[in-house]
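**Q** Below: sequence and its predicted model.
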Amino acid sequence: MENKPKKPSPAIKRNEGRHEPSDKRIKHFNEVALGFDKEEALTEASRCLNCKTKPCEAACPVNVKIPEFIDLIYKEDFSGAVSKIYETSLFPAICGRVCPQETYCEAACVIKDKFKPVSIGRLERFAADYARKEGLVRLPSPEKSTGKKVACVGSGPGSLAVAAELAKKGHSVTVFEALHKYGGVLRYGIPSFRLPRETVDFEVENLKKLGVKFIKNALIGKSISLDELKKDFDAIYIGSGAGLPSPLNIAGEHLIGVYSSNEFLTRVNLMKAYEFPKYDTPYYIGKKVAVAGGGNTAMDSARCAMRLGPESVTVLYRRTRTEMPARAEEVENAMEEGVKFEFLTAPIALEGDDKGRLKRIKCIRMELGAPDASGRRKPVEIKGSEFYVEADSLIVAVGQSPNPLIQQNAKELQTNKWNCLVVDENQKTSVEGIYAGGDVVRGGATVLLAMKDGKNAARAIDEYLKSKK
Ligand code: FAD
Ligand code: SF4
């Protein structure tokens, strides 16, 4: 690039990336954030001070070598930049898109107070996309085969991380997935307008090139028992996620038009309801859609619903915007796309018509009281403030917990009161040779924490297999 800014130039305005205008993008499911071109990446990279103390790297759950990869981008060594990321993080195209950088690396960036933080996530995404498109990704060569076999239950980011790490060590890894496609929430939860499916396909294909085997439609605990797996494999990793939706536990949840976010997102994202009748996945949302919740799942549900063409989509959240667990960028995107928000509002009953369809939601206004166990101020009902929200459909996105199937089939696996698997610091469960991580342990966290657990488990499994005769 001619006239490339001198490094460091932190005072250059942070580039927030290009987005397609909201009136156009709500008509399709293509990616909303368009990413950096080469020139934009070089300019943004010039803002980095290459701090010797590396606070951004320390704040990253998998310690991506951030100053080094940004410096390589600035030097226009894009292959080197992506190889540097690959040293610690296996899926930069995914993390660059969905990782909450604003609470990890970018929150620690030293220039954030005077200027805005370096746009680390967008640079990570740029390096990964550029390397993929230009064929610059160099996969590591697996070590000599050890003859040991490892099974991964589920194909979410945690299991994919385990599979990659152990395949590199020469172990034979097989991933068993209950669904007919791989990627876990990356596939059925997070919509394609946030995470294009080719990025997930690319990572799965890379794992296949490393020798990882994938078996779909295999529900462990039902079609194959954990005991059968134990007989055939030297170690097992359980990465089955937290796919059991939490209900609101209020009257009327049985009504037609009331969905769990899980069902709704799976219908839309995995089974392509938005392409009905080309894909035989019917859905009914009517003209007025409501979404209960304030996390990423609620935002994804609301934005998916918006793209299905109703008159309105309204999010009902019992706290305020400040307490919303969803990524700030996604809340802004939802607002830009016309999603309405009723803050400090909780549904208390659902009312239907004579055909059993949802008609209106009885809500109550809330106020914030003292902090609860999560440290956030607890919402408290304001007596006498009940009101109604007209709605043809309601998507309930108020939390998930692990599906109990595996735990029910293997009573020796220790669980806590939320039915999450209990593990030690090495991700080891109460059963020898069985490890677990990600949402089945944490009960709903982030992609990067699932990957972190996966890497930790892979290290421990490798040591365990080496110690086994
Ligand atoms: P999962 O991704 O949940 O994958 C588990 C897999 O196991 C699934 O494919 C499931 O079908 C399979 N499985 C379950 N039981 C069995 C069985 N018995 N046999 C075989 N297979 C089984 N995090 C972020 O960092 N950023 C975001 O923007 C973000 N957005 C999100 C949006 C939504 C809608 C949701 C639901 C979550 C979001 N998250 C986000 C959270 C993140 O996706 C999860 O924390 C992460 O995917 C957990 O990874 P995992 O590997 O533990 O399991
Ligand atoms: Fe660059 Fe910010 Fe990290 Fe310093 S803290 S190395 S400026 S990204």
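**A** All right, it came through fine. Numbers count the residues shown, from 1 in each chain. Ligands and ions are numbered 1, 2, ... in the order given.

**Q** contacts, neighbours, all on C-alpha from now
**A** Will do.

**Q** do the helix of greatest length in the chain and ligand 1 meet?
**A** The helix that spans the most residues within the chain, counting by DSSP state H, is helix 447-467. Yes: judged by C-alpha under 6 Å from any ligand atom, helix 447-467 and ligand 1 are in contact via Val447, Leu448, Ala450.

**Q** Would you confirm that the last one contacts Gly438?
**A** Translated: Ala450. Yes: in this structure, Ala450 is within contact of Gly438 by C-alpha atoms under 8 Å, at 3.9 Å.

**Q** Can you check which residues contact both of these two?
**A** Jointly contacting Ala450 and Gly438 under the rule C-alpha atoms under 8 Å, 6 or more residues apart in numbering are Gly158.

**Q** that's a helix at Thr266, yeah?
**A** Yes: assignment of Thr266 by DSSP: H, G, I helix; E, B strand; the rest coil places it within a helix.

**Q** Point out the residues in the stretch 101-250 of the chain that sit beside ligand 2.
**A** Within reach of ligand 2 by C-alpha under 6 Å from any ligand atom, the stretch 101-250 of the chain has these residues: Cys109, Val110, Ile111, Val118.

**Q** Among those residues, which pair sits farthest apart?
**A** Within those, two members stand farthest from each other by C-alpha to C-alpha: Val110 and Val118, at 9.0 Å.

**Q** And the residue of the stretch 351-469 of the chain that's closest to ligand 2?
**A** Leu448 (18.0 Å; C-alpha to the nearest ligand atom).

**Q** give the contact list for that residue.
**A** Taking C-alpha under 8 Å, 6+ apart, one finds Pro61, Val62, Cys95, Cys99, Pro157 in contact with Leu448.

**Q** Could you list which of those belong to helices?
**A** Cys95, Pro157.

**Q** With neighbour count as new columns, can the contacts of Leu448 be given to me in JSON lines?
**A** JSON lines is the format used below for these (neighbours: other C-alpha atoms under 10 Å):
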{"residue": "Pro61", "neighbour count": "16"}
{"residue": "Val62", "neighbour count": "18"}
{"residue": "Cys95", "neighbour count": "21"}
{"residue": "Cys99", "neighbour count": "18"}
{"residue": "Pro157", "neighbour count": "30"}
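
**Q** rewinding a little: restrict the residues of the stretch 101-250 of the chain next to ligand 2 to those that also contact ligand 1, please.
**A** Among these, proximity to ligand 1 is found for none (C-alpha under 6 Å from any ligand atom).

**Q** Narrow those to just the buried residues.
**A** Among these, those classed as buried by neighbour count (16 or more other C-alpha atoms under 10 Å) are Cys109, Val110, Ile111, Val118.

**Q** Are we agreed that the last one is in a strand?
**A** No: when three-state DSSP is applied, Val118 is found to be coil, with no strand at that position.

**Q** Quick one: residues contacting the closest residue to Lys6 other than its chain neighbours.
**A** In this structure, Lys6 finds its nearest non-sequential neighbour in Ser46, 6.5 Å apart by C-alpha to C-alpha, 6 or more residues apart in numbering. Contacts here follow C-alpha under 8 Å, 6+ apart; on that basis Ser46 touches Pro5, Lys6, Lys7, Pro8, Ser9, Pro10, Tyr74.

**Q** Counting neighbours, what do you get for Leu394?
**A** Leu394: 30 surrounding residues under other C-alpha atoms under 10 Å.

**Q** In a helix, it, correct?
**A** No: per three-state DSSP, Leu394 lies outside any helix segment and is strand.

**Q** I figured Met306 hits Val313, correct?
**A** Yes: with contact defined as C-alpha under 8 Å, Met306 and Val313 form a contacting pair (6.3 Å).

**Q** Now for those two: what residues contact both?
**A** Gly338, Val339.

**Q** So these two - more neighbours on which side?
**A** Under the criterion of other C-alpha under 10 Å, the comparison of Met306 against Val313 puts Val313 first, with 27 against 22.

**Q** Would it be right to say that the more buried one lies in a strand?
**A** Yes: judged by three-state DSSP, Val313 forms part of a strand.

**Q** Just give the closest residue to it, not the sequence neighbours.
**A** Spatially, and ignoring its direct neighbours in sequence, Val313 is nearest to Val289 (4.7 Å; C-alpha to C-alpha, 6+ apart).

**Q** from what I can see that neighbour touches Gly309, true?
**A** No: assessed by C-alpha under 8 Å, Val289 is found out of contact with Gly309, at 10.2 Å.

**Q** which one of those two has more residues nearby?
**A** The neighbour comparison of Val289 against Gly309 (other C-alpha under 10 Å) goes to Val289, with 25 against 16.

**Q** And what about that one, helix, strand or coil?
**A** Assignment for Val289 (three-state DSSP): strand.

**Q** ok, now which ones touch it?
**A** Ala305, Pro310, Ser312, Val313, Thr314, Ala391, Asp392, Ser393, Leu394, Ile395.

**Q** among these, who's most crowded?
**A** When neighbours are counted by other C-alpha under 10 Å, Leu394 leads these with 30 neighbours.

**Q** what's the neighbour count on Thr146?
**A** The number of residues packed near Thr146 is 12, by other C-alpha under 10 Å.

**Q** before we move on, which element is it in?
**A** Counting by DSSP states H and E, there is no helix or strand that carries Thr146.

**Q** wait, it sits on Lys168?
**A** No: counting by C-alpha under 8 Å, Thr146 does not reach Lys168; the two are 10.8 Å apart.

**Q** which outside residues touch stretch 457-469?
**A** The contact list for stretch 457-469 (C-alpha under 8 Å, 6+ apart) reads 148, 161-163, 165-166, 169, 234-235, 237, 426-428, 433, 435-437.

**Q** Buried residues in it, which are they?
**A** Ala457, Ala458, Arg459, Ala460, Ile461, Asp462, Leu465.

**Q** What of stretch 343-358?
**A** So stretch 343-358, judged by 16+ other C-alpha under 10 Å, has buried residues Phe343, Leu344, Thr345, Ala346, Pro347, Ile348, Ala349, Leu350, Glu351, Gly352, Arg357, Leu358.
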